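J.: fold the following for me, if possible:
(2 chains)
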Amino acid sequence: MSDKKSYYITTPIYYVNDVPHIGHAYTTLACDVLARFKRLDGYDVMFLTGTDEHGQKVEKSAEKAGVAPLEFCDRVSARFQDLAQAMNFSNDQFIRTTEERHKISAQHLWNRIKENGFIYEDNYAGWYSVRDEAFYGEDELTEGEGGSKLAPTGAPVEWVEEPSYFFKLSAFQDKLLEVYENHPDFVLPKSRLNEVKSFVAGGLQDLSISRTTFNWGVPVPDADGHIMYVWIDALTNYLTAVDYPNENSEKFQKFWPANVHMVGKDILRFHAVYWPAFLLAADLPLPDRIFAHGWWTNEGQKISKSLGNVIDPFELIDTYTLDSVRFFLLREVPFGNDGDFSRTSFVNRCNSDLSNGFGNFAQRSLSMIFKNCDGKIPTPGALSAEDKALLTGIEDVLPQVRELMDKQAFNKAFDAIWSQVAAADVYISAQEPWKLRKTDPARMETVLYVCAEAVRMLAILMQPIMPESIDKLLGQMNIDNRGFDQLTDAHRIKPGADLPKPEGVFPRFEHATDEA
RNA sequence: GGCUCCUUAGCUCAGUUGGUUAGAGCGGUGGAAUCAUAAUCCAUGUGUCCCCAGUUCGAAUCUGGGAGGAGCCA
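T.: Residues are numbered from 1 along each chain as shown, chains lettered A, B, ... in the order given. Sure, this is the predicted structure:
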């Protein structure tokens, strides 16, 4: 491992009871783009995703399927690994909570918190829903058919009474509020931080963190029959992946604490309240940032299994090509907001930004070079003010994008890049190399050189979001060095380099003609 | 029920600590060009800045009230 700066980013681990859908793809995509960006920007990156495989629900699902729990997990976890493959995710690890290393890690964390006096044994009594894996207060319940009790979610609940270990969450209220106060970017977007603050300010109750009614999980150390309950097990994966409990390991030293835990807004509380409390209780440093992103609707409608409008990422890729999907998901909506997935806006966005925008600029530039410069990158003369303005405009975009990416403002970052695509189109229109061909071939070569250079730099900037397409494009241009350190005039594209007949890399999409 | 946030052009949204003619992208309309994936470029917006009242020399921007919507909590 080098002494480069480090960047550790995580997705939540996905619950194996679920089938991969657009939401999973979205969360991991955001992390993938950040991970790729940081690698290109010279960081050592640890990008982690994986599956959460414990719990009563999994145990029951396995039973229903007639297989052992682990076999069930193997099967479903594989679907998430397939998704990572299909989406071209560049995760460095895929962790599973059923791994032995994780058991060791979770138990060690437990012991450490216990030694510090934040775990105690008591009895738990209350209404519990297996389906939701959550406890409910009496006043939250509604009356169902035949007098049965139902959770607010409509799930059946049962009265549960059992011994349980508790985490002294209540002891961390002030410390947590202090964290939020001193690190205003600890939770983004800001509106989510406000929610978290008010939740914590409203008072914290101790958490039941073990169960005795099922077996599929990490056993509580020295406590027969107790299994760690949900979050303390799951969240610890972020530590496991960097070698915890071996705090002296190179990985741990380099990557902990994490820079960003990416989460969906539904699990923000666990990451922004429970997780830092666990870490504080174990004397471990806190991550820099929890980012809670929004949800997608489908053609304006809330997505739900019962409505049958779940968006299948595999199908999407099939229909629209991978990089278009990647691009749309992060370009269309301010990250953090909810967004609507509509076929019309998808086609509009991809056609105008990719096919008509960057794709067309690249194609017209390279094509003119191919036809008019012997299939080689031309040799430029002295650069005019316009030439320089375009190139420095693109160079200047990197620091802007860097800053925006550090705030997970994907949509603004791409905005900044695409404003330079527009500048490039304005440039070529003004320079009119197709006229220069007859009037001033030398100047034409300079203009086309500048265009090729613009394509090179823009493409390098776009790698994180569309790795496959850009790889093809840069491949056509024979550009081998693709890091962000190449975005200076010291690394201009080489005159005389071969340029084969260019092929467009961004397909144009047709609007669906009619609703079915 | 409590708390927080939102409501700006046809659509999606920007609008910094209140200050001159309120912006962008997309779409629409007109024109130019023809190298390019019929792509591109130029021009083009008389918007009740949700409503009402107030503070101020001056408010989309602050205060109060109201309407509609969202989120978190109970």
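J.: so A:Ala151 makes contact with A:Ser129?
T.: Yes - counting by Cβ atoms under 8 Å, A:Ser129 is a contact partner of A:Ala151 at 4.6 Å. C-beta here means a position set from N, CA and C on the backbone, and glycine is covered the same way.
J.: need the residues touching each of those two.
T.: Shared contacts of A:Ala151 and A:Ser129, defined by Cβ atoms under 8 Å, 6 or more residues apart in numbering, comprise A:Tyr136, A:Val157.
J.: now A:Gly50: how far from RNA strand B?
T.: Remark: distance between A:Gly50 and RNA strand B (Cβ to the nearest atom of the strand, to the nearest Å) = 24 Å.
J.: that's a helix at that residue, yeah?
T.: No - looking at A:Gly50 with DSSP: H, G, I helix; E, B strand; the rest coil, it is strand, so not inside a helix.
J.: right, and it touches A:Asp92 too?
T.: No - using Cβ under 8 Å, A:Gly50 makes no contact with A:Asp92, being 11.1 Å away.
J.: and the residue of the stretch 351-500 of chain A nearest RNA strand B?
T.: Going by Cβ to the nearest atom of the strand, RNA strand B is nearest to A:Gly359 of the stretch 351-500 of chain A, at 2.4 Å.
J.: that residue: neighbouring residues, count only.
T.: 21 (other Cβ atoms under 10 Å).
J.: wasn't it part of a helix?
T.: Yes - when three-state DSSP is applied, A:Gly359 is found to be in a helix.
J.: residues contacting it?
T.: A:Gly504, A:Val505, A:Phe506.
J.: same drill for A:Gly50 and A:Asp92, tell me which one is more crowded.
T.: Remark: of A:Gly50 and A:Asp92, A:Gly50 carries more neighbours, 27 against 16, as counted by other Cβ under 10 Å.
J.: who does the more buried one bridge with?
T.: A:Ile13, A:Ile95 (DSSP bridges).
J.: and it, how far from A:Ala272?
T.: Distance of A:Gly50 to A:Ala272, given as Cβ to Cβ, to the nearest Å: 20 Å.
J.: show me what A:Lys302 bridges to in the sheet.
T.: A:Thr297.
J.: tell me how far it lies from RNA strand B.
T.: Taking Cβ to the nearest atom of the strand, one finds A:Lys302 at 8 Å from RNA strand B.
J.: and that residue, how many residues sit next to it?
T.: For A:Lys302, using other Cβ under 10 Å, the count is 11.
J.: one more: A:Gly339?
T.: 21.
J.: kindly report the same for A:Pro245.
T.: A:Pro245, neighbours per other Cβ under 10 Å, totals 19.
J.: so which strand or helix has it?
T.: Counting by DSSP states H and E, there is no helix or strand that carries A:Pro245.
J.: so what's it up against?
T.: For A:Pro245, the contacting residues are A:Ile104, A:Ser105, A:His108, A:Leu109, A:Arg112, A:Leu239, by Cβ under 8 Å, 6+ apart.
J.: what's near enough to touch the residue located most distally from the centre of chain A?
T.: Computed with Cα atoms, centre = their mean, the residue of chain A farthest from its C-alpha average is A:Thr439, at 50.8 Å. For A:Thr439, the contact set (Cβ under 8 Å, 6+ apart) is empty.
J.: that one and A:Glu432: what is the separation?
T.: Using Cβ to Cβ, A:Thr439 is found at 9 Å from A:Glu432.
J.: what's the answer for A:Arg36, then?
T.: 36 Å.
J.: could you do A:Pro20 as well?
T.: Counting by Cβ to Cβ - A:Pro20 and A:Glu432 are separated by 49 Å.
J.: and those two? which has more neighbours close in?
T.: It is A:Pro20, of A:Pro20 and A:Glu432, that has more neighbours when counted by other Cβ under 10 Å, with 21 against 12.
J.: surely that one touches A:Gln81?
T.: No - applying Cβ under 8 Å as the test, A:Pro20 and A:Gln81 come out as separate, 9.6 Å apart.
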